[in-house]
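Undergrad: Let me see the structure of the following:
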Amino acid sequence: MAKGDNIGILTGGGDVPGLNSVIKSVVYRATEMGRTVIGIRKGWKGLTDMNHADTGEARLDRQLTRENTRTIDRSGGTALHTSRTNPRKVAAAKVPPHISPHQLQQLTFDGKFYDFTPIVIENLERLGIGCLVAIGGDDTLSFASVLSSHGFPVIGIPKTMDNDVHGTEYCIGFSTAITRAKDAINRQRTTLGSHERIGVFRIFGRDAGFTALYTAYITSARCLIPEVPFDLDRVSTLLMEDKHNNSSNYSLVIVSEGATWTNRAMDEYGEADAYGHRKKVDIGHALADELHRRTGEETIESDLTYDLRSGEPDAIDQIVAITYANIALDLIRGGVTGRMVGVQNGCYASAPLPASSAGARRVDVAALYSTERYRPNYTAKLGAPLLFGHT
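TA: Residues are numbered from 1 along each chain as shown. Prediction:
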């Protein structure tokens, strides 16, 4: 399997700043090694929907060169585009029209979904790809692990502003998200103070609270995270204390989208995506309403979700993106696959590709979070890595 010499690359899941730096660095390093890079458009969807008869803009693959990637690292997003496709769960209604009945008969079907893993492997082989670099979060990388288990060479690169992939302390996009959140919150302090209100800032983090926690760390704010259901009365009391102790008479709290208060789970709505996730009811709006009802104070609710993962990367994300790409190519050159590039104990490392059963990496509450004060822990840092804790 995978007799080709080309290197494939794709981006899956939500976009984050730094993806284009990975793509460009893979291309530049691969050309130095005498290897051709084939970019797969639209993530795993590109490999499930690929029709080799397509031409021009309709093609879901493109050869990447130094010339056509020279400036892509100067902007955010992903030049290859992305999707949340899960090749193991392609709905019968979404089977590409060029897939023949004979091909479908060869696939596993559970009555609702087809497993397109064999189609993905066939498309990779037809493109002459001998190793695939998959850039994504735990969902995208979980299918990379499936490919690896089928014998196809894969290297994973973790990216998500949630920073919740197992096996690494750092995912591309995390630093920029925190930087953007800090800037937005500090700008809005003037409005909170002018109107003497309680500010509620909602941040991505469905299963893990890293983004909310570290934003709170650098803004000296309270934070509510999915790992710890919070007591609404206690939060109300603390925010009123903060407000009365603030000469500008305002307070604020940062809340992960997946946070819940004690004895109440937030409802979900809409159709589940390919990985089984449904959207959660807006915890920021619900919390702001409850705080107003309990305290009588006016609240301002601000959604800091999509804005935090758009635009160009900050310096840390660009450094990590470039380094991850070059480590990935070092591994490929050495014949090592089935691994994910990452950071462990503050150092660059590689780890096994995360399986779908692993779920999200979660905050070490005992070490990093005060459940009494709903704040990050600032003590006992001697001997800890410079940034972001342990895996």
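Undergrad: how about the helices in the stretch 151-300 of the chain?
TA: In the stretch 151-300 of the chain, the helices defined using DSSP state H, counting those that start in this stretch lie at 174-195, 210-219, 232-244, 283-295.
Undergrad: Need the residues that contact the last one.
TA: Contact with helix 283-295 is made by 198, 200-202, 224, 232-233, 235-236, 239-240, 253, 255-261, 266, 297-303, as judged by Cβ atoms under 8 Å, 6 or more residues apart in numbering. To be clear about C-beta, it is placed using only N, CA and C from the backbone, and glycine gets the same treatment.
Undergrad: And those, which of them are buried?
TA: Taking 16 or more other Cβ atoms under 10 Å as the criterion, what is buried in these is 198, 200-202, 224, 232, 235-236, 239-240, 253, 255-261, 266, 297, 299-302.
Undergrad: The residues you listed in strands, which ones?
TA: 198, 200-202, 224, 253, 255-256, 299-302 (DSSP state E).
Undergrad: which of those residues lies closest to residue 360?
TA: Using Cβ to Cβ, residue 256 is the member of these that lies nearest residue 360, at 11.5 Å.
Undergrad: I figured that closest one was touching residue 205, is that so?
TA: Yes. Applying Cβ atoms under 8 Å as the test, residue 256 and residue 205 come out as touching, 3.5 Å apart.
Undergrad: now the ones in strands among the buried ones among the contacts of helix 283-295 as JSON lines including distance to residue 327 and pLDDT?
TA: Putting these into JSON lines (distance: Cβ to Cβ, whole Å; pLDDT from 0 to 100) gives the following:
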{"residue": "198", "distance to residue 327": "45", "pLDDT": "98"}
{"residue": "200", "distance to residue 327": "40", "pLDDT": "98"}
{"residue": "201", "distance to residue 327": "34", "pLDDT": "98"}
{"residue": "202", "distance to residue 327": "34", "pLDDT": "97"}
{"residue": "224", "distance to residue 327": "35", "pLDDT": "98"}
{"residue": "253", "distance to residue 327": "38", "pLDDT": "98"}
{"residue": "255", "distance to residue 327": "35", "pLDDT": "98"}
{"residue": "256", "distance to residue 327": "30", "pLDDT": "97"}
{"residue": "299", "distance to residue 327": "45", "pLDDT": "97"}
{"residue": "300", "distance to residue 327": "43", "pLDDT": "96"}
{"residue": "301", "distance to residue 327": "41", "pLDDT": "96"}
{"residue": "302", "distance to residue 327": "37", "pLDDT": "96"}
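Undergrad: which of those lies closest to residue 127?
TA: Of all those, residue 127 sits closest to residue 256, with 39.3 Å by Cβ to Cβ.
Undergrad: May I have the residues that are in contact with the closest one?
TA: Residue 256 makes contact with 202-206, 208-209, 211-212, 223-226, 283 under the criterion Cβ under 8 Å, 6+ apart.
Undergrad: Residue 337: which of those residues is nearest?
TA: For these, the nearest to residue 337 is residue 208 (27.4 Å; Cβ to Cβ).
Undergrad: And for the closest one, the neighbour number?
TA: 25 (other Cβ atoms under 10 Å).
Undergrad: Next up, the contacts around it.
TA: Neighbour list for residue 208: 162-164, 225-227, 256, 258, 360-363 [criterion: Cβ under 8 Å, 6+ apart].
Undergrad: Buried among those residues? Need that as a selection in ChimeraX.
TA: Listed next is the ChimeraX selection for buried residues among these, using 16+ other Cβ under 10 Å:
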select :162,163,164,225,226,227,256,258,360,361,363
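Undergrad: for this structure, which strand is longest?
TA: Assignment by DSSP E gives strand 129-136 as the longest strand of the chain.
Undergrad: That one: how far from the chain's middle?
TA: 17 Å (Cα atoms, centre = their mean, to the nearest Å).
Undergrad: what sits in contact with each of residue 256 and residue 205?
TA: With Cβ under 8 Å, 6+ apart, residue 256 and residue 205 have common neighbours 211-212, 225-226.
Undergrad: which residue ranges form the strands in the stretch 1-150 of the chain?
TA: All strands of the stretch 1-150 of the chain, identified by DSSP state E, counting those that start in this stretch, fall at 6-11, 37-40, 61-64, 90-91, 113-114, 129-136.
Undergrad: which outside residues touch the first one?
TA: By that I understand strand 6-11. Residues outside strand 6-11 that contact it (Cβ under 8 Å, 6+ apart) are 19, 23, 26, 30, 35-41, 43-44, 46-47, 64, 78, 80-82, 124, 127-136, 159, 329, 332.
Undergrad: Just the buried residues of those.
TA: Judged by 16+ other Cβ under 10 Å, buried ones among the contacts of strand 6-11: 19, 23, 26, 30, 35-41, 43-44, 46-47, 64, 78, 80-82, 124, 127, 129-136, 159, 329, 332.
Undergrad: Name the residues of stretch 89-109 that are buried.
TA: 89-90, 95, 99, 103, 107.
Undergrad: what kind of secondary structure is the nearest residue to residue 346 once chain neighbours are set aside in?
TA: Counting by Cβ to Cβ, 6 or more residues apart in numbering, residue 385 is the residue found nearest to residue 346 once chain neighbours are left out, at 3.0 Å. Under the three-state scheme (DSSP: H, G, I helix; E, B strand; the rest coil), residue 385 adopts coil.
Undergrad: which residues touch residue 385?
TA: Residue 385 sits next to 169, 345-346 when contact means Cβ under 8 Å, 6+ apart.
Undergrad: Give me the buried subset of these.
TA: Those of those that meet the buried threshold are residue 169, by 16+ other Cβ under 10 Å.
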